[in-house]
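> Got a predicted structure plus its sequence, pasted below:
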Amino acid sequence: MIDSLMNILKTLWFDYILEITEILYSRYLLETTGVIFAILLLLIIVLMLKKIRKRRYKPAKEDIAGGGEEFVSDDMGIGEKGTRRREVPGEPPVSKPPGIMGRLKSGLGKTRQSLTGRIESILSEKSITDSDALEEIEEVLITSDVGVETTMALMKKIEQNASTFSGPDDLKTFLKSEMLKFLIHPRKMDLSTKPYVIMVVGVNGVGKTTTIGKLAHKYQMEGKKVLIGAADTFRAAAVEQLEIWAERSGSDIVRHRENADPAAVAYDAIEAGISRQSDIVIIDTAGRLQTRVNLMEQLKKIKRSITKRAPDAPHEVLLVLDATTGQNAISQAKAFHEGIGVTSLAMTKLDGTAKGGIVIGICNTMKLPLQYIGVGEQIDDLQPFDPEKFIDAIF
């Protein structure tokens, strides 16, 4: 808009001033001082617009150096906080590597640098049979949030096979093989029964609402008819976000007034999913604190309400976890699993942490399948979990 206005003023402003001046003189509407004032006012407007345009395209010093960050919304316009390098005129835009594997490696860059980079550094100075080297490798695994139990199991295997390693590459190959044994492949969705009901749970701030929106978009792109149940009635922003996601993904949504009974919303969502012949119904729930017994009981009530309308539902209880919370994610998973029976996991914000080892630790501890991982802000950065690709991406 500013550019268009500038082009008009640039070509026509002088003629306009002359014409206005002539009119004002011919009709005696203003004195000479008034005409001069009008001309100065127009000149000031032109100068201000030029200044705004320059400011708009002027890159900051830190951006030219490559370190600038800004608050941006994600590609669906939800207003989720992310970071992105500002584009500098004359330079090609910065983009992620193409393809699923490229985005995965890009998102897990911090974990790869922290885990395998540090192991390589250790073995470049010490032998794998050196006790000091083993202790440092153990420290790397623990600080990468692989978890104490999983780290001890890995270290036992490493010590047993240390004499067979000729260098860092042999150890990395061995670790890849052993870590892969801890990971569980995602559950397969059985859509023979419609609607397939997914109840999504998780504490506040883990990215649960955004995960639901991205899942709805993913399923819609696969040709599925999706309905979202906005059962987080205690937080108005959650319902508003879901409405935006539903509109942009082409999904239906069922919502009640603010502070309505969440169980009633869930029941009505299942009812609507059946009557509208939806393929998938995704039920949002409030961000529950696992230490609050009454709130966990509310989740149980929602689950009973779903089962009341569809006896075999929910077909999946998906727990969303934040990778940046580290070992606290495991304690959350234990509490939710004991309370309502979690069937699968989704791990978000893996691109924002160097402790992606939590994926290995939580799969080994909980013995639950990891369905999705989030490795960025873009809509395609919520990916179905592939154990082999994940391990390749961190090594």
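Sure thing, it's come through.
> Lowest mean pLDDT among the helices and strands of this structure, which one is it?
Using mean pLDDT, DSSP states H and E, helix 61-64 stands out as the lowest-scoring helix or strand of the chain, at a mean of 32.
> which parts of stretch 250-257 are buried?
Across stretch 250-257, burial judged by 16 or more other C-beta atoms under 10 Å covers 251, 252, 253, 254, 255, 256. The C-beta positions use only the backbone N, C-alpha and C, and glycine is treated the same way.
> Nearest to residue 238, out of those residues: which one, please.
residue 255 (10.0 Å; C-beta to C-beta).
> How much space separates that closest one from residue 248?
In this view, residue 255 and residue 248 are 16 Å apart by C-beta to C-beta, to the nearest Å.
> and what of residue 136?
Between residue 136 and residue 248 the computed distance is 48 Å (C-beta to C-beta).
> And for residue 286?
Distance of residue 286 to residue 248, given as C-beta to C-beta: 23 Å.
> Give me the more crowded residue out of the two.
Neighbours were counted for residue 286 and for residue 248 using other C-beta atoms under 10 Å; residue 286 has more, 21 against 17.
> Filter the buried residues of stretch 250-257 down to just the ones in helices.
Residues of these located in helices (DSSP state H): none.
> Residue 216: what secondary structure?
Here residue 216 is helix, with the state taken from DSSP: H, G, I helix; E, B strand; the rest coil.
> from memory it sits against residue 226, does it?
Yes - look at residue 216 against residue 226 with C-beta atoms under 8 Å: they come within range, at 4.8 Å.
> intersection of neighbour lists for these two?
The contact sets of residue 216 and residue 226 overlap at 249, 251, 282 (C-beta atoms under 8 Å, 6 or more residues apart in numbering).
> In strands, which of those fall?
residue 282 (DSSP state E).
> can I get the shared contacts of residue 216 and residue 226 in a markdown table with distance to residue 266 and pLDDT?
Below are the shared contacts of residue 216 and residue 226 laid out as a markdown table (distance: C-beta to C-beta, whole Å; pLDDT from 0 to 100):
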| residue | distance to residue 266 | pLDDT |
| --- | --- | --- |
| 249 | 20 | 86 |
| 251 | 16 | 94 |
| 282 | 11 | 97 |
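> just the shared contacts of residue 216 and residue 226 now: which is nearest residue 143?
Using C-beta to C-beta, residue 282 comes nearest to residue 143 of the shared contacts of residue 216 and residue 226, at 35.6 Å.
> Residue 214 is in contact with that closest one, correct?
No - look at residue 282 against residue 214 with C-beta under 8 Å: they stay out of range, at 10.8 Å.
> So between the two, which is more surrounded?
Applying other C-beta under 10 Å to residue 282 and residue 214 shows that residue 282 carries more neighbours, namely 31 against 26.
> Let me know the distance separating the more buried one from residue 104.
From residue 282 to residue 104 the distance is 24 Å (C-beta to C-beta).
> do the same with residue 378
12 Å.
> Pick out whichever of the two has more residues nearby.
The residue with more neighbours, out of residue 378 and residue 104, is residue 104; 24 against 16, by other C-beta under 10 Å.
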